[in-house]
Structures are given as C-alpha cells and as structure tokens.
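Below are the sequence and a predicted model for it; my questions follow.
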Amino acid sequence: MDWKSHRIDALLEQALVEDQAIADATTNLTIDANLRATASILARQELVVAGLGAIPRFLEIFARLDPRPQAHNRFEVVSHPEIFDGVRVHKGQVLAVIRHNARVLLSSERVILNLLQHLSGIATLTRKYVDAIEGTRARVLDTRKTVPGMRALEKYAVLCGGGTNHRIDLASGILIKNNHIALGGGLGAALTRALENRKHNQRIQVEVRTAQELEEALEYGAEAILLDNMTPEQVRQSVERIKQAISTNPGSGSEPRRIPTEASGGIVLENIRAYAETGVDFISVGALTHSAKAADISMRIVAG
C-alpha cells in the first residue's frame, strides 16, 4: 500500500478534518501544549493486523494542517519487528507505540483507531474465510461492495487477510451480469457485442444462474463463468460441465484453453468449504468488506 499516494493522503486528511482534530476543544483547554506522551496501541482480541502504515501518515498530515509548533515536533512510531500488516496477533499484544506531543496524540486518537479497527476487522474476517477452505484449490475473492471512497484501503485489508482482490472498479474487467443481459438483448447478443468490441486481452466473464444460461454462455464463447446463487451441488455440476466443454473444444493456441469459474451469492463461513470442494476456482464473498465487524483495538496514552 502506498500510504503517500494522493488518493490515500486525501482520505486520511478528510478523516482528520471531519473530526475537527485540530480544533479539539477539550484537549486544547486541558492539556499543556508542550507535554510529551507515549501511546500504546493494543489488540483487545485475536486479530489480523491491517493499516499500521496509516499511523505515521495521520501524524504527518496533522502537522500539515496545524500551524502550531507542537504539531511539528519530532514523533516516533515503533512496532515490534514481528508485528506488521497481515500478521495474526493475540489479545493483549502491542501493535505499535507512538511518542509525540500529548495534544496531537489525544486529538488524532479516534481517527487512527477508527481506521485500524475497520481495516483489521476486514483482514480478520477474510482470514477466517481463507482458513475455512485451506487445502482446496479455491481462492477467496472480494467484491465491489465497499464503503464509498474506502475501496483501495478495504481491498488492501482483504490482501492482508490472505484474500485475493477481484475487480478494483468497473473499468478493470468485463463482467456481464443479469441486468446487462436483460438490457442488452439477451445473453448471446450481449456477449457477442462484448467479444467484438473489447480491447486486447480483456477477458469476458458472464454471470449465469441456471444450467440453461451456462449452456448459452459456453455456446457464445464466454471466457470466464460466474456461477451465481447456486447450491454447492449445482456449482459442482457446472464446473464439470465447463471441463467437458473445454475437453470437447480445447482451442487452437499454444496455451491450453481455460475457463475460470467463480461462485458467489449466499456464501458464508458455514458453507464456504462445501463450495470450495466443488472444484471451483474462486469464491467471491461480499461480506468481507460490507459486513466485517470492527476489530477491538484500543490506545493507552501516558505522559512521558
């Protein structure tokens, strides 16, 4: 993650501005302007860490926004060498220690914790899904079901949890879904138009919900198949049918023909293993980003 990119910089700045961190009325009235303090960020549950790189960036941006000299004092953010994004930690472990001006620490505490809790919650949930299908060929994918403006960070958190990023945005891949099919004159017409007008090397994926739609997608040349809202048994049958179609028509290029398969819809921790054992290549789970519970992380601040 490039924590200094323009997009991430703007997002972190907006979080500080939204909370009016520079104008923290309570802290500015009660805390000596020159007091130094040490903040320890603690895991209060077992979790997978994500977002540590945001801590120094928040403090650097705070200094950019605040003209007062204490905001520009030297600060230090220290983590144990074995604590970094993507690592599983235990309850009670210290994720990072910050030494800085006390006012700055108090005023930026909430925004730092909000982001760490959110991203670590996504990484922790993702790891549970990844662990649940260990030993199978399937990989866990995220979706575009993200908080507006937060997609880059949320998808980064999925990577920290061992998941795989799917489409980053609408421009990064072609996926013909049921609404495209309905408005585009049917599956055959929509797929034919996409194949004729795509840019070089753009793979076209088609969403199917029935065995009949799968046959039509294969007939018209779909290059990847999304099996939506099917039972594990239906997914298994569909995967076998796709393998059969490939063996019948292996293609003429030097590379063997492949039609990657993806299952989605109604997949939760309790049933993801059953889907993974069907032989499907990918399993997309919207819950990774839209339903992850914030991880329990706190900050303890002491003078000195």
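Sure, I can see it.

For the chain, just list every one of the helices.
Ranges of helices in the chain, per DSSP state H, are 6-18, 25-30, 54-65, 102-132, 151-160, 178-183, 187-197, 211-219, 232-248, 272-276, 287-290.

so what's the residue positioned nearest the centre of the chain up against?
Per C-alpha atoms, centre = their mean, the C-alpha nearest to the average position across the chain is that of residue 155, at 2.3 Å. Going by C-beta atoms under 8 Å, 6 or more residues apart in numbering, residue 155 touches 142, 146, 165, 168, 289. C-betas here are computed from N, CA, C, even on glycine.

Nearest to residue 81, out of the helices of the chain?
Comparison of the helices of the chain against residue 81 by C-beta to C-beta identifies helix 54-65 as nearest, at 16.2 Å.

residue ranges with poor pLDDT in the stretch 201-304 of the chain?
Along the stretch 201-304 of the chain, segments meeting pLDDT under 70 span 251-255.

how far away is residue 127 from residue 157?
Separation of residue 127 from residue 157 (C-beta to C-beta, to the nearest Å): 10 Å.

who has more neighbours, those two?
Applying other C-beta atoms under 10 Å to residue 127 and residue 157 shows that residue 157 carries more neighbours, namely 32 against 20.

Narrow the contacts of residue 155 to just the buried residues.
Using 16 or more other C-beta atoms under 10 Å as the burial test, the contacts of residue 155 include 142, 146, 289 as buried.

mind giving me a markdown table with the residues you listed and columns for distance to residue 68?
Output for the buried ones among the contacts of residue 155, formatted as a markdown table (distance: C-beta to C-beta, whole Å):
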| residue | distance to residue 68 |
| --- | --- |
| 142 | 41 |
| 146 | 36 |
| 289 | 37 |
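
Wait, residue 269 touches residue 128, no?
Yes: counting by C-beta atoms under 8 Å, residue 269 touches residue 128, with 6.1 Å between them.

Give me the more crowded residue out of those two.
Higher neighbour count among residue 269 and residue 128: residue 128, with 16 against 13, using other C-beta under 10 Å.

so what's the more buried one up against?
With C-beta under 8 Å, 6+ apart, residue 128 has these contacts: residue 269.

hmm, what's the outermost residue in the chain?
Of all residues in the chain, residue 32 has its C-alpha farthest from the mean position, at 40.0 Å, by C-alpha atoms, centre = their mean.

who touches it in this structure?
residue 102.

If you count neighbours, what's buried in stretch 292-303?
Judged by neighbour count using 16+ other C-beta under 10 Å, the buried positions of stretch 292-303 are 292, 295-297, 299.

Next, count neighbours for residue 53.
Each residue near residue 53 was counted by other C-beta under 10 Å, and the total is 16.

cool, and residue 18?
As a burial measure, residue 18 scores 9 neighbours (other C-beta under 10 Å).

Then residue 75?
Residues lying near residue 75 (other C-beta under 10 Å) number 19.

who's in contact with it?
By C-beta under 8 Å, 6+ apart, the contact set of residue 75 is 56, 59, 98-101, 104.

switch to 6 Å and redo it
By C-beta atoms under 6 Å, 6 or more residues apart in numbering, the contact set of residue 75 is 59, 100.

And it, what's its pLDDT?
At residue 75, the model reports a pLDDT of 95.

could you check the distance from it over to residue 152?
Applying C-beta to C-beta to residue 75 and residue 152 gives a distance of 25 Å.

same question, residue 237
Separation of residue 237 from residue 152 (C-beta to C-beta): 37 Å.

circling back: which of the buried ones among the contacts of residue 155 lies closest to residue 45?
Once C-beta to C-beta is applied, the member of the buried ones among the contacts of residue 155 that ends up nearest residue 45 is residue 289, at 19.4 Å.

Make sure that closest one is actually in contact with residue 154.
Yes: look at residue 289 against residue 154 with C-beta atoms under 6 Å: they come within range, at 4.7 Å.

anything in contact with each of those two?
122, 146.

Based on its surroundings, how many neighbours for residue 172?
Counted by other C-beta under 10 Å, the residues lying close to residue 172 total 11.

Repeat that for residue 27.
Per other C-beta under 10 Å, the neighbour tally for residue 27 reads 16.

Now do the contacts for the closest residue to residue 79 other than its chain neighbours.
Nearest non-adjacent residue to residue 79, counting by C-beta to C-beta, 6 or more residues apart in numbering: residue 96, 4.7 Å away. Residues in contact with residue 96 (C-beta under 6 Å, 6+ apart) are 41, 55, 77, 79.
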